[in-house]
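1. Have a look; sequence and predicted model below, questions after that.
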Amino acid sequence: MAKYKVVLTKETWPAAMERIEQHCEVKVWKEAEPIPRTLLLEWLKDAEGLFSTGDVKVDEDLLANAHQLRVVAQSSVGYDNIDIDACTRRGIPFGNTPGVLVETTADLAFALLLGAARRIHECWDFVKSGKWESTNNIPFGVDLYGKTLGIVGMGDIGCAVARRAKACGLNIIYYNRTRRMDDQLLEARYVDFRDLLQESDFIITLVPLSNQSRGMFGAKEFAQMKPSAYFINAARGSIVNTEALYEALKSKQIAYAALDVTDPEPLAGDNPLLSLPNILITPHIGSATYETRNRMAHLAADNLLAGLGRQALPTCVNPTVNYPQGAL
Ligand SMILES: NC(=O)c1ccc[n+]([C@@H]2O[C@H](COP(=O)([O-])OP(=O)(O)OC[C@H]3O[C@@H](n4cnc5c(N)ncnc54)[C@H](O)[C@@H]3O)[C@@H](O)[C@H]2O)c1
Ligand SMILES: O=C(O)[C@H](O)CO
């Protein structure tokens, strides 16, 4: 049987790759930098499936060039690099990987909160550099217990963070596009965005990047936070105005930031944020455990292979153009 023609903008995990290669003739970009746009356009001319990554823009122009394309799949829950309306207009279903990374990403968001509050990375540098001379010259942190955590974007991961926060004795408030019906179970109080900024001791943001959320944390928002506030971003770098965050940290308008995502990514070694003493940055590792990345790759492969066979994608973002279950 003829194999499907598929483009991968990066290699994926071996077991998922094997499954794809069983059914597909693949073109894979294997370099660290994003695939050059002209090459991608060339490869997509006869491709039936695209296995994309967050560093590639899937937009109207790209789709207009890909006449045979019948499915796009990506191994991530966020899909801010994909023009979903353009996919839908062309009848192309897009599949992401919700659910399978929830607990892993919540662990990381909460680790950033704990790591920043107790200055874990500074303590490690302190010990390594031989500065540990007495019991009172050590880096001091702040308590979590009894403080208020504000969660912005109370979706799957936000709720998983709330469960961890509840176990640590934090009071939880949240802001979301809509109020959650189950917020009493989480013991979380729905507030408006301004109240969340003003009342929180810690803010964790897990809101998807969209036209509405781009730059939602800027100078005005940092000015409303407490001077003792800790700001944690595990969503996308572009929901924050980086210059405004730098100024807020430098002037001690807020106390501390912990970021798993930055704008841009990767962050260059001479980025001004790195000169600040009151920041902790990890390299976009929210879902980066062996188990979870493997699960994500398999779910993305499920979506890809289903779409190629004109079967319903298990996790389709634009269900109006998903294939019906059982179709040929
Ligand atoms: N750091 C990482 O490695 C990592 C890993 C996974 C996810 N993420 C990011 O986290 C985001 C959330 O993931 P999830 O699985 O919880 O998604 P989700 O869809 O379950 O939750 C998102 C929540 O945000 C709310 N929301 C959307 N736009 C909003 C807005 N403008 N203002 C307020 N609330 C808004 C939605 O109503 C929803 O409740 C992803 O879109 C992704 O960008 C990052
Ligand atoms: O959106 C996601 O899933 C992460 O940011 C990438 O793993």
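-> That came in fine, so what should we check first? Ligands and ions are numbered 1, 2, ... in the order given.
2. List the buried residues for stretch 60-69?
-> Neighbour counts over stretch 60-69 (16 or more other CB atoms under 10 Å) mark 62, 63, 66, 69 as buried. (Glycine included, C-beta is placed from N, CA and C.)
3. Now stretch 253-261: average pLDDT?
-> Mean pLDDT, stretch 253-261: 98.
4. May I have it exported as PDB, CA atoms only?
-> Taking Å, rounded to 0.1, in the frame of the first residue of the first chain, the C-alpha atoms of stretch 253-261 are listed here in PDB:
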ATOM      1  CA  GLN A 253       8.100  47.200  42.300                       C
ATOM      2  CA  ILE A 254       7.600  43.500  42.700                       C
ATOM      3  CA  ALA A 255       9.800  41.100  44.600                       C
ATOM      4  CA  TYR A 256      10.600  38.200  42.300                       C
ATOM      5  CA  ALA A 257       9.800  36.400  39.100                       C
ATOM      6  CA  ALA A 258      10.100  32.800  38.100                       C
ATOM      7  CA  LEU A 259       9.700  32.000  34.400                       C
ATOM      8  CA  ASP A 260       9.600  28.800  32.400                       C
ATOM      9  CA  VAL A 261       8.800  30.700  29.200                       C
END
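5. circling back: pick the one among the buried residues of stretch 60-69 closest to residue 133.
-> Relative to residue 133, the closest of these is residue 62; by CB to CB it sits at 58.7 Å.
6. Could you name the helices and strands sitting against the helix or strand harbouring that closest one?
-> If you go by DSSP states H and E, residue 62 is part of helix 60-64. When contacts are defined as 3 or more CB pairs under 8 Å, 6 or more residues apart in numbering; DSSP states H and E, helix 60-64 sits against helix 37-44, helix 84-89.
7. Contact partners for the residue of the chain found nearest ligand 1?
-> Of all residues in the chain, the one sitting closest to ligand 1 is residue 155 (1.6 Å; CB to the nearest ligand atom). Shown in contact with residue 155 (CB atoms under 8 Å, 6 or more residues apart in numbering): 176, 206, 208.
8. do the same with residue 222
-> Residues in contact with residue 222 (CB under 8 Å, 6+ apart) are 231, 244, 245, 247, 248, 253, 254.
9. List only buried entries from these.
-> 231, 244, 245, 248, 253, 254.
10. possible to save those residues as TSV with distance to residue 142?
-> Shown next, in TSV, are the buried ones among the contacts of residue 222 (distance: CB to CB, whole Å):
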residue	distance to residue 142
231	14
244	23
245	19
248	18
253	17
254	13
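11. from those, which ones fall inside helices?
-> Mapping those onto helices (DSSP state H) picks out 244, 245, 248.
12. my guess is the last one contacts residue 218, does it?
-> This means residue 248. No - between residue 248 and residue 218 no contact is recorded; they are 9.5 Å apart, counting by CB atoms under 8 Å.
13. This protein against ligand 1: which residues are in contact?
-> Proximity of the chain to ligand 1 is confined to 77-78, 98, 101, 105, 153-158, 176-178, 206-210, 212-213, 234-236, 260-261, 284, 286-287 under the rule CB under 6 Å from any ligand atom.
14. can you rerun that using 5 Å?
-> 77-78, 105, 153, 155-157, 176-177, 206-208, 212-213, 234-236, 260, 286-287 (CB under 5 Å from any ligand atom).
15. Fine by me, thanks again.
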